[in-house]
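Novice: Predicted model, plus sequence, below.
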Amino acid sequence: MSVPDEIFEMFQIETEKLHNLINSIISISDLPLSEIVKLYYQIINISSMTTMLKQQNSENLIHQKILETETFISKKFDLDIHLQIMKKLENSIRDTVTHLQSINPKEKSKDDVEKEAKLYGELRQKMSTKEFVEQYDQGLLND
């Protein structure tokens, strides 16, 4: 099997994983940060493979599969899921910041301080994930 054939085979496997991942998303609002990152890595992985395959292959079947996958990503992910994830992250960050700002700095128990520290940790994770998602968004704007 040649390298382009191996890449195409891997492309098909990863595309199937993407379809399964997107179809398994029941609700964006219940999607954990780790699943958001996993989803974006899968999209980026497939996008990299399509770029490689386009450069190395001229077979109609491969180009058709690439086109189908790009259309799926564009219509199902970029125009729907991606926008919902961005909104979810923005709302979640805003809610966490609002909650942290509402905490009375006086008379905190040890338990309160630990809860607040946990909230700050969650906020950092959300902001980091949002930054990662925004980088994907910037790639969309630059294409």
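Specialist: Okay, I see it.

Novice: Check which helix or strand the most centrally placed residue in the chain maps to.
Specialist: For the chain, the residue lying nearest the average C-alpha position, counting by CA atoms, centre = their mean, turns out to be Tyr40 (2.9 Å). Tyr40 belongs to helix 33-56 when assigned by DSSP states H and E.

Novice: With Lys17 instead?
Specialist: Per DSSP H and E: Lys17 is located in helix 3-24.

Novice: Could you list the buried residues of that helix?
Specialist: Of the residues in helix 3-24, Pro4, Ile7, Phe8, Phe11, Glu14, Thr15, Leu18, Ile22 count as buried by neighbour count, 16 or more other CB atoms under 10 Å. To be clear about C-beta, it is placed using only N, CA and C from the backbone, and glycine gets the same treatment.

Novice: Contacts for that helix next, please.
Specialist: With CB atoms under 8 Å, 6 or more residues apart in numbering as the test, helix 3-24 has contacts from 1, 38-39, 42-43, 45-46, 49-50, 52-53, 56-57, 62, 65-66, 69, 72-73, 76-77, 81.

Novice: Buried only: go through the residues you listed for me.
Specialist: Among those, the ones that count as buried by 16+ other CB under 10 Å are 39, 42-43, 46, 49-50, 53, 57, 62, 65-66, 69, 72-73, 77, 81.

Novice: Of those, which pair is most distant in space?
Specialist: Asn57 and Ile81 (28.3 Å; CB to CB).

Novice: Need phi/psi at Glu107.
Specialist: Phi and psi for Glu107, reported as degrees, to the nearest 10, are phi 50, psi 50.

Novice: what about the protein, any weak spots by pLDDT?
Specialist: 1-4, 57-58, 140-143 (pLDDT under 70).

Novice: orientation of the longest helix seen in it relative to helix 33-56 in degrees?
Specialist: Across the chain, the longest stretch assigned as helix under DSSP state H is helix 110-142. In this structure, helix 110-142 runs at an angle of 20 degrees to helix 33-56, with axes from the mean of the first three to the mean of the last three CA atoms, to 10 degrees as the basis.
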